[in-house]
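Asks: the amino acid sequence is not available; the structure is as follows:
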């Protein structure tokens, strides 16, 4: 098989975990741990190659991708320290609303230091995507980057490359954007990556369990804390609207009857610097059993946030490549429903899983 050539916007913790994982899973004896699929349509994780990268942090711009992924403010687990040089330098991207004001030149190693290099133009990004031969562009920009995400989605459309939107800015689940990708026959997967075993997928599975076992869910919350730049960025509550909508809808969609707003609270709660890339979820569910007898469930989940998303993205990349190979454009509904929190169509996770397996096998178009 040929390489899958990817471009990445945002070389943060999630990109670091992804690129480490591509190298890590080149070793066959590690294939049994942490992957949903070792092989998708003949493509393995090691077939993925980074050919272009964009960021706006001065500590990453100009560095080889293999060096930039370990540069501050990145703080995720280093499980593959020997990533070889790629020969691909991180190019200056476009700032727009990609950095919250409280994070610019903050003065600490875990915040953004915006590069003084000239910002990229759309024409410049498009040229880089075309010249690099990228098959697709992965979006890893911060939560709340509405203008910046739209900018990179426009670049993908103009360059004719597929788009994987890993953040809660609604592109694939927006009808107007979806139509534009379909009209150009360009695949898109999105929106907002659903971690391998994170807070949202765990909350969804438990909610589905309540439904199937006849337990009446009356109230629930999901509170999350972390110490990476994602959580620091989200201290600006003005950037959280789409994130809360994405996570809440992911859980509400499993219920036959949605909870009133006052009875469900889901979203990032606070930034704890020493947690770094560790994310802690505090989950509570209150309901009624047989005979209206009350019950409650409390769960604490602690995960390294970025590796938790990388295995899912590795699968999304390969599904996107299958669509390119098959000449399929527009929203990939089945992979999006399994890999993302806010897809265009929400399916129960068991249904989404089966539909994705059918897509991989070629028995389902999208």
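Replies: In hand now; what should we look at? Values in this document were obtained by computation on a predicted structure and should not be read as measured data.
Asks: how about the secondary structure of residue 269?
Replies: Taking DSSP: H, G, I helix; E, B strand; the rest coil as the rule, one finds residue 269 in the strand state.
Asks: any idea which element the residue nearest to it when sequence neighbours are not counted lies in?
Replies: Excluding its sequence neighbours, the residue lying closest to residue 269 (CB to CB, 6 or more residues apart in numbering) is residue 223, at 4.3 Å. (C-beta placed from N, C-alpha, C; glycine too.) Assigned by DSSP states H and E, residue 223 belongs to strand 216-226.
Asks: and that strand, what does it pack against?
Replies: For strand 216-226, the helices and strands in contact under the criterion 3 or more CB pairs under 8 Å, 6 or more residues apart in numbering; DSSP states H and E are helix 199-212, helix 241-252, strand 264-271, strand 278-288.
Asks: beta-bridge partners for the residue nearest to residue 269, please?
Replies: Counting by DSSP bridges, residue 223 is bridged to residue 267, residue 282.
Asks: before we move on, what about residue 138?
Replies: Using DSSP bridges, the bridge partners assigned to residue 138 are residue 8, residue 164.
Asks: phi and psi next, for residue 57.
Replies: phi -90, psi 130 (degrees, to the nearest 10).
Asks: distance check, it against residue 69.
Replies: Applying CB to CB, to the nearest Å, the value for residue 57 to residue 69 is 12 Å.
Asks: name the residues contacting each of those two.
Replies: residue 11 (CB atoms under 8 Å, 6 or more residues apart in numbering).
Asks: of the two, who's got more company?
Replies: residue 69 (28 against 24; other CB atoms under 10 Å).
Asks: spit out the contact partners of the more buried one.
Replies: Residues in contact with residue 69 (CB under 8 Å, 6+ apart) are 11, 15, 16, 19, 20, 83.
Asks: mind putting those into TSV with pLDDT?
Replies: Shown next, in TSV, are those (pLDDT from 0 to 100):
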residue	pLDDT
11	98
15	98
16	98
19	98
20	97
83	97
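Asks: nearest to residue 29, of those residues?
Replies: The closest of the contacts of residue 69 to residue 29 turns out to be residue 20 (CB to CB; 16.9 Å).
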